[in-house]
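1. Have a look at this prediction, sequence included:
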Amino acid sequence: VVILYGILSTLWNILNRNRRSIALDLKHPAAVNVILDLCQQADGLIEGFRPGVMERLGLGPAQCLAANEALAYGRITGWGQDGPLAQTAGHDINYIALTGALHATGPAERPFPPLNLVGDFAGGGMLLAFGLVCALFEANHSGKGQVVDAAMIDGTAMNMALTYSLFNAGLWRDQREANLVDGGAPFYRVYKTNDDKFICVGAIEPKFYSNFIGVLGLTDDPLFASQHNPAKWPKMIEHLDAIFAAKTRADWVRAFDDAEACIMPVHTLAEAPDGPHNAHRGTFAHTKFGVQPSPAPRFSRTPGAIHHEPRILGADTRSALSDWGVPDEKIERLIETGAAVQS
């Protein structure tokens with residue numbers, strides 16, 4: 001069962017598409033030497049071990065930058081390369097907890113994790129990608145590489161910059177569902193419809209708010225006369241809850257179809273790929289491994305594409321090492337000694 005799960009998790013992991021897979025045992029000195037040889041040709045390297053592991057393997061920044069002084073050496077961890085928690089285990093929910101992001105997310109009763117989007121992907125993977133590209137750009141000018149220390153806790157804090165700006169200015173209350181964009185405002189919130197689906201409202205600007213209450217027939221209602229009066233928000237929300245619960249999601253989509261009020265249906269994972277806008281843009285791709293997001297962002301001259309699906313670990317050890325210039329006899333010796341694995 002464990003082996004089967006491992007194969008499935010590799011094959012179905014969209015994050016690994018368009019990549020070939022080389023399997024090397026980094027505890028084997030010959031495999032370490034292969035990595036150092038590859039570093040001589042590489043622009044960048046990414047590692048995700050706990051601090052100190054790559055150094056113990058003989059593949060730390062000192063060794064890799066000695067092989068290629070222009071190398072961009074990317075490190076991704078939860079807590080960063082130093083600090084009292086650097087060696088502590090953790091997950092996305094833990095990293096975002098210490099930055100205030102988790103406390104600010106969810107209903108008033110208690111926080112809930114925003115999937116693994118805030119710390120893991122936005123504050124982790126995308127932060128590392130941006131940092132690595134910046135290091136590569138700088139290396140093109142200086143000829144010098146450097147280490148990129150991308151910590152999810154740092155990336156999460158960076159993503160909270162606007163929220164902290166509002167907090168410092170006294171415009172953000174340190175509680176959930178009490179602020180402009182955390183569900184506390186009646187005009188920036190999700191409402192349940194009578195078919196157990198949801199509609200989202202983002203009518204922040206005055207003209208959108210005017211259109212919003214206009215469609216609902218609330219233009220002359222004194223309760224809705226003052227948009228930015230937090231004291232009235234709970235009553236406004238209670239009233240809107242009842243209004244939206246009276247019709248289906250499709251009814252509300254039709255009602256707001258021609259009104260610029262920033263109202264949209266909340267699509268499920270199953271619904272999203274076939275929504276008209278997503279279908280038109282090809283935002284999702286239908287493949288033999290199921291639906292998956294298409295490559296983004298979009299480039300005018302060198303557009304992205306799904307060239308091949310995720311590969312089984314070590315599926316391309318021979319061909320990829322060969323393409324990097326490793327002699328065939330050396331590749332076979334690596335496989336025979338267990339330093340490399342060809343699936």
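-> Happy to help now that I have it.

2. Let me see the ranges of the strands in this protein.
-> Assignment of strands within the chain using DSSP state E yields the ranges 23-24, 44-47, 72-77, 146-151, 188-192, 198-202, 263-265, 284-287, 290-293, 340-341.

3. in terms of contact, does residue 194 touch residue 245 like I think?
-> Yes: between residue 194 and residue 245 there is a contact at 5.4 Å, judged by C-beta atoms under 8 Å. C-beta here means a position set from N, CA and C on the backbone, and glycine is covered the same way.

4. how many neighbours does the residue nearest to residue 226 when sequence neighbours are not counted have?
-> Nearest non-adjacent residue to residue 226, counting by C-beta to C-beta, 6 or more residues apart in numbering: residue 232, 6.5 Å away. Using other C-beta atoms under 10 Å as the criterion, residue 232 is surrounded by 16 other residues.

5. Likewise for residue 195?
-> So residue 195, with other C-beta under 10 Å, has 11 neighbours.

6. check contacts around the spatially closest residue to it that is not a sequence neighbour.
-> Among residues not flanking residue 195 along the chain, residue 248 sits closest, at 4.4 Å (C-beta to C-beta, 6+ apart). Residue 248 is in contact with 193-195, 197, counting by C-beta atoms under 8 Å, 6 or more residues apart in numbering.

7. Dump these to a markdown table, plus distance to residue 70.
-> Output for those, formatted as a markdown table (distance: C-beta to C-beta, whole Å):
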| residue | distance to residue 70 |
| --- | --- |
| 193 | 57 |
| 194 | 62 |
| 195 | 58 |
| 197 | 53 |
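
8. can you map out the helices along the stretch 201-343 of the chain?
-> All helices of the stretch 201-343 of the chain, identified by DSSP state H, counting those that start in this stretch, fall at 206-215, 233-244, 249-255, 276-281, 317-323, 328-337.

9. Need the per-residue pLDDT for residue 290.
-> You'll see residue 290 listed with a pLDDT of 88.

10. mind checking how far it is from residue 273?
-> Distance, residue 290 to residue 273, using C-beta to C-beta, to the nearest Å: 10 Å.

11. list the helices and strands the longest helix belonging to the chain packs on?
-> Secondary structure of the chain per DSSP state H: the longest helix is helix 126-142. Contacts defined by 3 or more C-beta pairs under 8 Å, 6 or more residues apart in numbering; DSSP states H and E place helix 126-142 against strand 44-47, strand 72-77, strand 146-151, helix 152-159.

12. Quick one: closest of these to residue 22.
-> strand 44-47 (13.2 Å; C-beta to C-beta).

13. For the closest one, buried residues please.
-> 44-45, 47 (16 or more other C-beta atoms under 10 Å).

14. Dump those residues into a markdown table; add pLDDT and distance to residue 239 as well.
-> Output for the buried residues of strand 44-47, formatted as a markdown table (pLDDT from 0 to 100; distance: C-beta to C-beta, whole Å):
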| residue | pLDDT | distance to residue 239 |
| --- | --- | --- |
| 44 | 98 | 55 |
| 45 | 98 | 57 |
| 47 | 98 | 54 |
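
15. tell me which of those residues is nearest to residue 145?
-> residue 44 (8.4 Å).

16. who's in contact with that closest one?
-> 71-74, 132, 135-136.

17. mind checking how far it is from residue 136?
-> For residue 44, the distance to residue 136 - C-beta to C-beta - is 6 Å.

18. shared neighbours of the two, which are they?
-> By C-beta under 8 Å, 6+ apart, the residues touching both residue 44 and residue 136 are residue 72.

19. any weak-confidence spans in the chain?
-> For the chain, residues meeting the criterion pLDDT under 70 lie at 1-8.

20. Give me the most central residue, it.
-> For the chain, the residue nearest the mean C-alpha position is residue 121 (2.6 Å; C-alpha atoms, centre = their mean).

21. The residue nearest to residue 226 contacts residue 223, doesn't it?
-> Yes: counting by C-beta under 8 Å, residue 232 does reach residue 223; the two are 6.3 Å apart.

22. With adjacent residues omitted, what lies nearest to residue 25?
-> Per C-beta to C-beta, 6+ apart, closest to residue 25 is residue 31, 5.2 Å.

23. and that neighbour, what is it in contact with?
-> Applying C-beta under 8 Å, 6+ apart, one finds that residue 31 lies in contact with 24-25, 334, 339-340.

24. Of all pairs in the residues you listed, which one is the farthest apart?
-> Every pair of the contacts of residue 31 checked by C-beta to C-beta; the farthest is 25 and 334, at 9.2 Å.

25. Give the residues shared as contacts by those two.
-> Residues touching both residue 25 and residue 334 by C-beta under 8 Å, 6+ apart: 31, 340.

26. Can I get stretch 271-278 in CSV? Just the C-alpha atoms.
-> Extracted in CSV, the C-alpha atoms of stretch 271-278 (Å, rounded to 0.1, in the frame of the first residue of the first chain):
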residue,chain,number,x,y,z
GLU,A,271,-17.4,23.4,-11.3
ALA,A,272,-14.5,25.9,-11.7
PRO,A,273,-12.8,24.4,-14.8
ASP,A,274,-16.0,24.5,-16.9
GLY,A,275,-17.1,28.0,-15.9
PRO,A,276,-17.5,30.1,-19.1
HIS,A,277,-14.6,32.5,-18.4
ASN,A,278,-12.2,29.8,-17.4
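
27. buried stuff in that stretch?
-> Here stretch 271-278 shows 273, 278 as buried, counting by 16+ other C-beta under 10 Å.
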